[in-house]
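dropping the sequence and predicted coords here.
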There are 2 protein chains.
Amino acid sequence: MPTPSRRERAREERRDLILRTARELAESDGWDAVTTRRLAEAVDYSQPVLYSHFRNMDAIVGAVALGGFVELADALRAGRESDGLHGVACAYLDYAEQHPAMYDAMFVRRTDLVFGTAETLEPLKTAFNEIRQAVEPAAPTDPETATEVFWSALHGQATLNHGTRLRPTHHTNRITYLITHLFGT
Amino acid sequence: MPTPSRRERAREERRDLILRTARELAESDGWDAVTTRRLAEAVDYSQPVLYSHFRNMDAIVGAVALGGFVELADALRAGRESDGLHGVACAYLDYAEQHPAMYDAMFVRRTDLVFGTAETLEPLKTAFNEIRQAVEPAAPTDPETATEVFWSALHGQATLNHGTRLRPTHHTNRITYLITHLFGT
DNA sequence: TAGATTGTCTAGCGGTGCTAAGATCCGGCC
DNA sequence: GGCCGGATCTTAGCACCGCTAGACAATCTA
């Protein structure tokens, strides 16, 4: 059956094109600039085509965010393997700073992505697990709580760095302060 | 000059009415439901009246947020005076949980409110100072960094509590974990 | 009371997410 | 080859959004 697979391949390619384009638009002009009209024009199709691939605009943002979790998980693993807790923290905050639109889609914008339950999608779990694996040796008594606290602290710094709500000059100071005091090394 | 003051009084009352109504709408249905049309109808005026009091919709949200900072500063002071660091942390997270729409306007939604500079408005400074005053005795070496780290950690927990991204059952565990490890008491 | 100022409304602009209905393409069958 | 039926794409439009110009009414000044 060569014909249905070719169609499906074409569909998937177009789906990827939509997601890639949405991400590019968001990263250059922010998510507010990602409208159905602009996105449709950028991929050179009409608006209804978007809706043959995704239920609505939020689903597009969610799909882009899902790709971000894969990227983030990779970055966290690399950071952990090279520099443990400190590496994870830097990788997390670097990702948030260098991909603010992605971070928005993943953690700030209201999404229907499920966290912390059985239905949680795989990339989310592995990203969270990377943090947990780095935390575990440093906090063996209650690693789950320690991971949540650590992640929250990183998330707080990531979002408050954006805008001038924390002193940009003391970025690394905050990381070391957090790690040394939370995990005592 | 009784007449201009009466006009001004009427203006201010209407301004307050707009802000009160905007807040009520946001707290019951979320900020997405606060549109110029709905807000105008709720205060029983036409849309252009809103624009004779505020430059645009963002300015309305910002004005509501400003009121939130006063409230938050009061709550933080009460928490600090009754239970120090722990009291501040609980007051902060309680406020965020009980007034999610306000917290959104103050810290999550993109605003033009300025942080950490000379032009920062008074209520923001006093709210931040409440946290700082609680942190200072526990972290005398670098209280500024300690305050930023502590505040970020609280902010992270506040935003991630919203949605099921952290285990609701371990809410207080995270607070005590954070305080004991960050400040060692 | 006449004029000027202020306040308010109606109507409308260009934009948004999303959808119904018709046109068009294309593989499969006779 | 010629036709059919389903998948695919587009045009056109709905109801809503933030925001504003211009007409009209109310109020203060002189």
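That came through fine.

around DNA strand C, which positions in chain A sit nearby?
Contact residues, chain A versus DNA strand C (Cβ under 7 Å from any atom of the strand): A:3, A:34-38, A:47-48, A:51, A:56-58. No exception for glycine: its C-beta is placed from N, CA and C like everyone else's.

packing partners of the helix or strand containing A:Val88?
Using DSSP states H and E, A:Val88 sits in helix A:57-98. When contacts are defined as 3 or more Cβ pairs under 8 Å, 6 or more residues apart in numbering or on different chains; DSSP states H and E, helix A:57-98 packs onto helix A:2-29, helix A:100-103, helix A:122-135, helix A:143-161, helix A:171-183.

and among those, the most buried is which?
helix A:143-161 (a mean of 23; mean count of other Cβ atoms under 10 Å in any protein chain shown).

what angle sits between that one and helix A:57-98?
Angle of helix A:143-161 versus helix A:57-98, following axes from the mean of the first three to the mean of the last three Cα atoms, to 10 degrees, is 80 degrees.

where does chain A have low pLDDT?
Low-confidence segments of chain A (pLDDT under 70): A:1-5, A:116-120, A:185.

near DNA strand D, which residues of it show up?
Going by Cβ under 7 Å from any atom of the strand, the residues of chain A near DNA strand D are A:7, A:11, A:14, A:45-49, A:52.

hmm, A:Ile131 is touching A:Leu76, no?
Yes - here A:Ile131 lies in contact with A:Leu76, judged by Cβ atoms under 8 Å, at a distance of 6.5 Å.

so what sits against both of the two?
The contact sets of A:Ile131 and A:Leu76 overlap at A:88, A:92 (Cβ atoms under 8 Å, 6 or more residues apart in numbering or on different chains).

flag every residue of chain A that's near chain B.
By the rule Cβ under 8 Å from any Cβ of the partner chain, the part of chain A lying against chain B is A:108, A:114-117, A:142, A:144-146, A:148-149, A:151-157, A:159-160, A:163-167, A:170, A:173-174, A:177-178, A:181-184.

in chain A, what residue lies closest to chain B?
Nearest residue of chain A to chain B: A:Gly156, at 3.0 Å (Cβ to the nearest Cβ).

was I right about A:Ala40 contacting A:Ser46?
Yes - the criterion here is Cβ under 8 Å, and A:Ala40 meets it with A:Ser46 at 5.7 Å.

no further questions, thank you.
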